[in-house]
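A.B. asks: Here is a sequence together with a model predicted from it:
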Amino acid sequence: MGLEVVAVAENMWWWNRNVIMAMWVMLSIGFCIGFHCHMRTESMRKAEEMLTSMCEERARMLQEQFAVSVNHVHALAILVSTFHYQKDPPALDQETFAEYTARTSFERPLLNGVAYAQRVIHPDRQLFENQQGWTIKTMKREPSPIQDEYAPVIYSQETVSYIEALDMMSGEEDRENILRARATGKAVLTRPFRLLESNHLGVVLTFPVYLSGLPFDATAEERAKATAGYLGGAFDVESLVENLLRQLAGNQEIVVNVYDVTNSCEPLLMYGIHPPDGHMSPSHVSMLDFGDPFRKHEMNCRYRKKPPVSLSSITTPTGIFVIFMLAGYIGYAAWSHYDNVKEDFRKMEELKRQAEAADVAKSQFLATVSHEIRTPMNGVLGMLDMLLDTDLNSTQKDYAQTAQVCGRALISLINEVLDCAKIEAGKLEIESVPFDLRSILDDVISLFSATSREKGIELAVYVSDRVPSILMGDPGRFRQIITNLVGNSVKFTERGHIFVQVHLADHVKMVMDAKAEHGLNGHASKVNCTSANGAFNTLSGLEVADYSNTWESFRLLLSDGESLPYTLGNGSVSETLADKVALMVSVEDTGIGIPVNAQERVFTPFMQADSSTSRNYGGTGIGLSISKCLIELMGGKISFCSRPDVGSTFIFTAVFQRCRKGAGVDRKRSVSEVLPTCFRGMRATLVDRHPVRSAVTKYHLRRLGIIAADVSTINEALSVLSGQNGYSNSSHPGKQPSILLIEKDSWDSKIDFRIQNDLLKWKEAGRTNDVPKIVLLLTAETDKTRIGSHVDAVVMKPLRTSTIATCLQQTLGMGKVQNKDTHSGSNFLHHLLDGKNILVVDDNKVNLRVAAAALKKYGAKVECVESGKSALSLLQPPHKFDACFMDIQMPEMDGFQATQEIRKLEDMASEEAYMEEGSTKAKLRVPILAMTADVIQATYEQCVRCGMDGYVSKPFEEAQLYQAVAKFLVSQPISGS
């Protein structure tokens, strides 16, 4: 019974729904028809409004143009009155009048012509005709009959010269207009008539001309007596209206008729044609005022064709009807579509979960792959380090070092692939810690020193003195960028140089702006980039891709501000007050360059110039793409300039924070290189023919406190040393230089012989103290064969300030001076770990041996365990350990769980100690450093969340180990400090 009721109800619903849909369709049709009628009515109303607007506009313009012409005719009447009647003899004749009216006809474009008719009474007719030499004629060109007065035309424009001598009062209507004009003193119009010659409909405008000025309220009789003549102008109404309509838009849409309706019963058509009978088009009438109150005119406008039904009045109701039908259809089918949408939503949720799971799986896969590769590599590299600490012969040591280099290359490749994955996932972050930029650049240059010496190329770095010594930023990522760029330059450069420069971006911009203002644009730099001997003014004398990096620009950047007082003065204020430091770094080389067709894909991952690049030079093609992403994360941009067979110059900017005093920087724990202070105030002479290379050498000497003077030749240097030519008095006051540094290309056997003779003369003269120490600067190992017998020391490039310091200490016999305030490297790391009890937790026995050996190497007491549970039992408070290195991925209890349990035990011990002693609550916390091969950001975040204090990735090195433990351990006093 219930099923039958449901079935009946469903049948009723279907029937009602059909009725509702039918009613909906009918209502939609009715609404759309009514809406169509409404829109059609509105369309007609707008058409009438548009017709009214166009008609009123045409009437207004016709009146304005007519009024302008009337004013000009009035002006001519005043002209005739002034020059014909008020001058004796008259200053006006037919020739003058014709010429004047012809020249001023452009002011009266609506007039066919103007003419002046003089008033002549009958007694004066004979005298007048004798004076004029012709007889007064009627409009029919017959002698005028006798009448009281006449109005013969005496002056006429050339266009209406055919009316000369005609009596304007011979026509009945003309006579009435003339009499009405002189009685009122205003312009008077005639009724429309066919103009002579043109046969067009027109009107004549008549103005009275009086002998003298009349009062404003003069009577008609007074005006008649004072009348001297009449000035008339013929208006071609048809041409006037036709020209007007031609100037206006919409002329093709409407028809214009102009009527004289002075007699309303019989209007006279002045322009246009009568509309056909039965024409139902909308029309509009605009009244015209031509200045004559007696005559009335109007303009009748209508559409040429009946306005069509607007397309919108059809399409809009149709569109509404379609929308209503679609709405009905949507409502009709909504329920059936609901199930489909619900099913699609469920599938989307499932796909979303799968995508999230895939992302998690990808991160876990990267972590696992990184861990599984780094774990054995940690053992390989660690054992190689231990092997290199043993006594090996040269062959064995070479094999071990080669294996170590290969292992580190594999680790570098893994790091690059992981960086790409982190960049793709958007999880690459930039840290902010204090670092010494100059030390980082020196370290990077040292990495490629062997290759540069083998190839014989100049490898140099220069950092502007304006760049702060300590900055806040990510030193690791900055080192990675510089290493990638310099590594590429070393790889693709076989001759010439590689030059790294660092300047303040604001300072570079000011210098370039000042250079442009002084006319030193790019073209000028290109022309003047060579020296007198034909070589280019660059580091090595070879041409570079970017002409702006020549000596001319570099010299301006070296300026101390004397040449740019206004710019540097403003810049110094901003540099002092700004918290951010924007650096501009350029890496210039004279290598093979980048082909033009490959330059657009330089920063594309895994893309190289061509297929032979990887085969000939190696590499994966992802270094530049990673560097670009890192630079953008540092708030900078990277660009390059490259020319095939000339070289490439990569320029990037990066933004760091200024590290101010009181910012919490512990300089005792700084990893920056410590330079000796024993050279401060010393003087040296540098012989170098290349000014850019000379500036780089002086930069390193200046860091040691040595005041260096540069000369181009050995002769100049010997003159300086011997005090000739005024050098000692002007350039180098005080003590003579005791160090002579000579570049390799300034040295030969002849120079060696001359130096030998000069030194011998000085010794014989008792000037032994003035004999300088000669230091030769060499680029390649093969250059050592050019060393003379009187060279005291050799410095192999690339130049590093600490290397120069060591060489000078040995040469001058100063011994190695150690700064007792700061210590770094292995020495400080040994005193930092000496005697410390450190627990190492790792399930891999090889890694345990490697970690233990690395820590014991620096004097630490190491205890090793293989599981998290064992570490938990040893770290129950109280315990003896100063720090703990813990692996993350271990069986039974991983590093995260072990760390959380240890932190719980420490919290409980702190609570008990507080309850027993009643003193201030002391926090018992042992530093726990994660020691794992998993280096993705998510792992580091998890380390922080579970309570770990630091992070050391496998395989770890000396600098990494130092940075990790220096935050938590206090070093032992250093003997002799």
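C.D. replies: Ah, there it is.

A.B. asks: Regarding residue 256, what is its secondary structure?
C.D. replies: For residue 256, the secondary-structure state derived from DSSP: H, G, I helix; E, B strand; the rest coil is strand.

A.B. asks: how about the helices in the stretch 151-300 of the chain?
C.D. replies: Counting by DSSP state H, counting those that start in this stretch, the stretch 151-300 of the chain has helices at residues 172-184, 220-226, 237-247.

A.B. asks: With distance to residue 517 as added columns, please give those in CSV.
C.D. replies: C-betas here are computed from N, CA, C, even on glycine. What follows is these, written out as CSV (distance: least, CB to CB, whole Å):
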stretch, distance to residue 517
helix 172-184, 76
helix 220-226, 79
helix 237-247, 54
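
A.B. asks: highest average neighbour count across the ones you listed?
C.D. replies: Ranked by mean neighbour count, the helices of the stretch 151-300 of the chain are led by helix 172-184 with a mean of 18 (mean count of other CB atoms under 10 Å).

A.B. asks: In stretch 40-58, which residues are buried?
C.D. replies: Neighbour counts over stretch 40-58 (16 or more other CB atoms under 10 Å) mark 40, 43, 44, 47, 50, 51, 52, 54, 55, 58 as buried.

A.B. asks: The helices of the stretch 151-300 of the chain: lowest mean pLDDT?
C.D. replies: Sorting these by mean pLDDT places helix 237-247 lowest, at a mean of 77.

A.B. asks: from the middle of its chain, how far away would it be?
C.D. replies: 56 Å (CA atoms, centre = their mean, to the nearest Å).

A.B. asks: one step back: tell me which of the helices of the stretch 151-300 of the chain sits nearest to residue 22.
C.D. replies: In terms of CB to CB, the element of the helices of the stretch 151-300 of the chain nearest to residue 22 is helix 237-247, at 55.7 Å.

A.B. asks: Pull out the buried positions in stretch 840-847.
C.D. replies: Those would be 840, 841, 842, 843, 844, 847, for stretch 840-847 by 16+ other CB under 10 Å.

A.B. asks: again, but for stretch 67-74
C.D. replies: Those would be 69, 70, 72, 73, 74, for stretch 67-74 by 16+ other CB under 10 Å.

A.B. asks: same check, this time on stretch 29-38
C.D. replies: Under the neighbour-count criterion of 16+ other CB under 10 Å, stretch 29-38 has 32, 36 buried.

A.B. asks: who touches that stretch?
C.D. replies: The contact list for stretch 29-38, computed with CB atoms under 8 Å, 6 or more residues apart in numbering, reads 313, 314, 316, 317, 318, 320, 321, 324.

A.B. asks: Residue 461: which of the residues you listed is nearest?
C.D. replies: Relative to residue 461, the closest of those is residue 316; by CB to CB it sits at 74.3 Å.

A.B. asks: Doesn't that closest one belong to a strand?
C.D. replies: No: counting by three-state DSSP, one finds residue 316 to be helix, located in no strand.

A.B. asks: So for residue 200, which of the helices of the stretch 151-300 of the chain sits nearest?
C.D. replies: Residue 200 lies closest, by CB to CB, to one member of the helices of the stretch 151-300 of the chain: helix 237-247, at 4.5 Å.

A.B. asks: Can you name every helix or strand that that closest one contacts?
C.D. replies: Helix 237-247 sits against helix 2-80, strand 201-210, strand 254-260, strand 268-271, with contacts defined as 3 or more CB pairs under 8 Å, 6 or more residues apart in numbering; DSSP states H and E.

A.B. asks: For these, could you give me TSV that also reports distance to residue 174?
C.D. replies: Putting these into TSV (distance: least, CB to CB, whole Å) gives the following:
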stretch	distance to residue 174
helix 2-80	16
strand 201-210	7
strand 254-260	16
strand 268-271	17
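
A.B. asks: just so I know, which of those lies nearest residue 122?
C.D. replies: Residue 122 lies closest, by CB to CB, to one member of the helices and strands packed on helix 237-247: strand 201-210, at 19.8 Å.

A.B. asks: how far off strand 254-260 does the closest one point, in degrees?
C.D. replies: 50 degrees (axes from the mean of the first three to the mean of the last three CA atoms, to 10 degrees).

A.B. asks: partners of strand 201-210, with directions?
C.D. replies: Applying DSSP bridges to the sheet, strand 201-210 is found paired with strand 188-189 (antiparallel), strand 193-194 (antiparallel), strand 227-236 (antiparallel).

A.B. asks: Can you tell me what sits against the second one?
C.D. replies: When contacts are taken as CB under 8 Å, 6+ apart, the neighbours of strand 193-194 outside the stretch itself are 200, 201, 202, 203.

A.B. asks: if I look at the closest residue in space to residue 475 that isn't next to it in sequence, how far off is residue 441?
C.D. replies: Computed as CB to CB, 6 or more residues apart in numbering, the closest residue to residue 475 that is not its neighbour in sequence is residue 435, at 3.6 Å. Noted for residue 435: a distance of 11 Å to residue 441, by CB to CB, to the nearest Å.

A.B. asks: before we move on, what about residue 588?
C.D. replies: 14 Å.

A.B. asks: who's more crowded, these two?
C.D. replies: The neighbour count for residue 588 versus residue 441, taken as other CB atoms under 10 Å, is higher for residue 588 (25 against 21).

A.B. asks: show me the contacts for that one.
C.D. replies: With CB under 8 Å, 6+ apart, residue 588 has these contacts: 489, 497-501, 539, 544-546, 549, 647-649.

A.B. asks: redo that, cut-off 10 Å
C.D. replies: Contact analysis of residue 588 by CB atoms under 10 Å, 6 or more residues apart in numbering lists 460, 489, 496-501, 538-539, 544-546, 549, 641, 647-651.

A.B. asks: pLDDT score assigned to it?
C.D. replies: 93.

A.B. asks: Which stretches in the stretch 801-950 of the chain count as helices?
C.D. replies: Using DSSP H, counting those that start in this stretch, helices in the stretch 801-950 of the chain cover 801-812, 825-833, 845-856, 868-874, 895-917, 937-946.

A.B. asks: Please name every helix or strand in contact with the last one.
C.D. replies: Packed against helix 937-946, as judged by 3 or more CB pairs under 10 Å, 6 or more residues apart in numbering; DSSP states H and E, are the following elements: helix 312-388, helix 394-425, helix 895-917, strand 928-932, strand 950-953.

A.B. asks: go with 6 Å
C.D. replies: Under the contact definition 3 or more CB pairs under 6 Å, 6 or more residues apart in numbering; DSSP states H and E, helix 937-946 sits against helix 895-917.

A.B. asks: Convert the helix it packs on to CSV, retaining C-alpha atoms only.
C.D. replies: The C-alpha trace of helix 895-917 is given here as CSV (Å, rounded to 0.1, in the frame of the first residue of the first chain):
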residue,chain,number,x,y,z
GLY,A,895,67.2,10.2,16.9
PHE,A,896,64.0,12.2,17.2
GLN,A,897,62.4,9.9,19.7
ALA,A,898,65.7,9.6,21.7
THR,A,899,66.1,13.4,21.9
GLN,A,900,62.5,13.9,23.1
GLU,A,901,63.0,11.3,25.8
ILE,A,902,66.2,12.9,26.9
ARG,A,903,64.5,16.4,27.1
LYS,A,904,61.8,14.9,29.2
LEU,A,905,64.4,13.4,31.6
GLU,A,906,66.2,16.8,31.8
ASP,A,907,62.9,18.6,32.6
MET,A,908,62.1,16.1,35.4
ALA,A,909,65.6,16.4,36.8
SER,A,910,65.3,20.2,36.7
GLU,A,911,62.0,20.1,38.6
GLU,A,912,63.4,17.8,41.3
ALA,A,913,66.5,20.0,41.8
TYR,A,914,64.2,23.0,42.1
MET,A,915,62.0,21.3,44.7
GLU,A,916,65.0,20.1,46.8
GLU,A,917,67.2,23.2,46.7
